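Engineer: pasting the structure only:
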């Protein structure tokens, strides 16, 4: 029975990896200049430049950002026992957006991802600091504080936006809508290593998430060190999401929907839910980004718009088709 | 097995329990009774390390419980809480019971071992839940659910089982079924049991010793016959009752007297 379960899990992961490879290949082929499969295998100089300088980094970025959002979504939904929580709920994106807006205004926008990440770190620290009382991290308090910090950040961003010049406004708006257009390979590399490390560490907490989904005190009685686990999970989820936001802006719906999609197919065990959500998030975002940059080519849609429209509608369709239980 | 020494504890600055002092020996079936707000559940929480005592100490298997690591405690002590909340996402009965093996799994161990599965089979057999294996937790009836929760606790292979009102919300048939099961485990499997109960008559029939709490203090401790007297109950619950003998079990049985509640 254990072997059967393990076999099923491995099949799922292999299947998703194959889909990932297929969609990545498609993303390499499609674009303003179409590069046929034969040429991808033996690229000329021009094709080589497009493939390695433009499309491949974008695919890598799409994968790590999608994976980060998927995994952070699973972590937060599991630890908060709440199907409506997503990686951005806890103020991470608000903080990042505030950091980015500030750096646009101060015209240090060559380091946008860095300021985004600093903003995210600031928000995470603030939420944690406020939610921690007498050494206890209260889950409900964490959630409410996060939502409030998000609100305050949005208000501050609106304030900044009302004060700046039009070109700067455009810069902020573009970032907020979310894009896979980051071209600095250094940032992409840094974010990838950071995110993948975080994701791998989170796999070792899969069983803790399983126990936590029964309730905090129930998990404690199963031998969990709940205070430490909550702190680690909060830090992991927030940091991974923060890194994703700072290189890609706010790409909505991935972190909320992917965990639900995956849960419908693979079940609620976090040991399989976490890796599959990572892979599925990557696949989904690479696909959405490919669509965003080809559908009205040579213009490009903000990828957040595509993820929102596709993700939301497919999800509603699935909801009406299958009788799902989302707690109560 | 367990020694509670002069424990006082509370929430924020309100003291809930004061100078609680008692012992549970191996194979005991101890009942904790008392009115709402007398501190029964708090006592359970302090024994299971959820709350840290303000003063005094809880000694479990000869060691101060605050010095024992959580997984170590969970391998010897299981708690069936009052929580009626469902897991937030659908979970099958089998997966739910398997979670009881959590304290035995190492961090880098991906899958459960054959032994874990064997134990889960055993406890599901004991609790008569094998037929429910593939069902979803939230689709179970109250009685089935309680048996499944107990199965999860037993999967921890505990020597000491703490129960917080295990028969609340159950009809009489299921009340007897659940308590018979626990009694069987107590006698057959040498499981020491501490049960918080609101039902005085069930407590009288199943526990060999009772502790009566009143406003956070132990009012009296002893056999059901010693504790369940009409004087004690009138004083602690401020309610008029008549106590007679249960003709079958010859344990004390408490009868309520309608229309005669003394108001404070």
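Structural biologist: Thanks, I have it. The shown structure was predicted, so the numbers you read here are calculated from the model rather than taken from an experiment.

Engineer: Contact partners for the closest residue to chain A within the stretch 101-250 of chain B?
Structural biologist: In the stretch 101-250 of chain B, the residue that lies nearest chain A is residue B:103 (3.5 Å; Cβ to the nearest Cβ). C-beta coordinates here come from the backbone N, C-alpha and C atoms, glycine included. The contact partners of residue B:103, taken as Cβ atoms under 8 Å, 6 or more residues apart in numbering or on different chains, are A:222-223, B:70-72, B:74-75, B:156.

Engineer: buried sites along the lengthiest helix in chain B?
Structural biologist: Longest helix of chain B, by residue count under DSSP state H: helix B:172-188. For helix B:172-188, a neighbour-count test (16 or more other Cβ atoms under 10 Å in any protein chain shown) marks B:174-179, B:181-183, B:185-186 as buried.

Engineer: got any ranges where the chain has weak pLDDT?
Structural biologist: Picking chain A for this. A:109, A:322-328 (pLDDT under 70).

Engineer: oops, I was thinking of chain B
Structural biologist: Across chain B (using pLDDT under 70), the flagged ranges come out as B:83-85, B:260-264.

Engineer: any idea how far residue B:252 is from residue B:230?
Structural biologist: As defined by Cβ to Cβ, to the nearest Å, residue B:252 lies at a distance of 10 Å from residue B:230.

Engineer: Give me the common contacts of these two.
Structural biologist: Joint contacts of residue B:252 and residue B:230 (Cβ under 8 Å, 6+ apart) are residue B:243.

Engineer: Tell me which of these two has more neighbours.
Structural biologist: residue B:252 (23 against 17; other Cβ atoms under 10 Å in any protein chain shown).

Engineer: Just list the residues touching that one, thanks.
Structural biologist: B:204, B:224-225, B:228-229, B:243-246.

Engineer: from those, which are also near chain A?
Structural biologist: By Cβ under 8 Å from any Cβ of the partner chain, no member of these lies near chain A.

Engineer: For the closest residue to chain B within chain A, which three-state class applies?
Structural biologist: Nearest residue of chain A to chain B: residue A:223, at 3.1 Å (Cβ to the nearest Cβ). Of the three states, residue A:223 takes coil according to DSSP: H, G, I helix; E, B strand; the rest coil.

Engineer: wait, doesn't it sit right on residue B:78?
Structural biologist: No: checked against Cβ atoms under 8 Å, the pair residue A:223 and residue B:78 is beyond contact range at 10.1 Å.

Engineer: quick one: which of the two has more around it?
Structural biologist: Taking other Cβ under 10 Å, residue A:223 and residue B:78 do not tie; residue B:78 has more neighbours (26 against 21).

Engineer: hang on, the more buried one packs against residue B:164?
Structural biologist: No: in this structure, residue B:78 is not within contact of residue B:164 by Cβ under 8 Å, at 11.9 Å.

Engineer: Give me every residue in chain A lying close to chain B.
Structural biologist: Residues of chain A lying near chain B (Cβ under 8 Å from any Cβ): A:1-2, A:5-6, A:81-83, A:204, A:207, A:210-211, A:213-215, A:217-218, A:220-225, A:263, A:268-269, A:271, A:325-328.

Engineer: ranges for the helices of the stretch 101-250 of chain A?
Structural biologist: A:112-131, A:139-163, A:166-177, A:185-203, A:206-212, A:216-221, A:226-248 (DSSP state H, counting those that start in this stretch).

Engineer: which strands and helices sit next to the lengthiest helix in chain A?
Structural biologist: For chain A, the longest helix by residue count, based on DSSP H, is helix A:2-29. For helix A:2-29, the contact count by 3 or more Cβ pairs under 8 Å, 6 or more residues apart in numbering or on different chains; DSSP states H and E identifies helix A:37-41, helix A:56-80, helix A:254-266, helix A:270-294 as packing neighbours.
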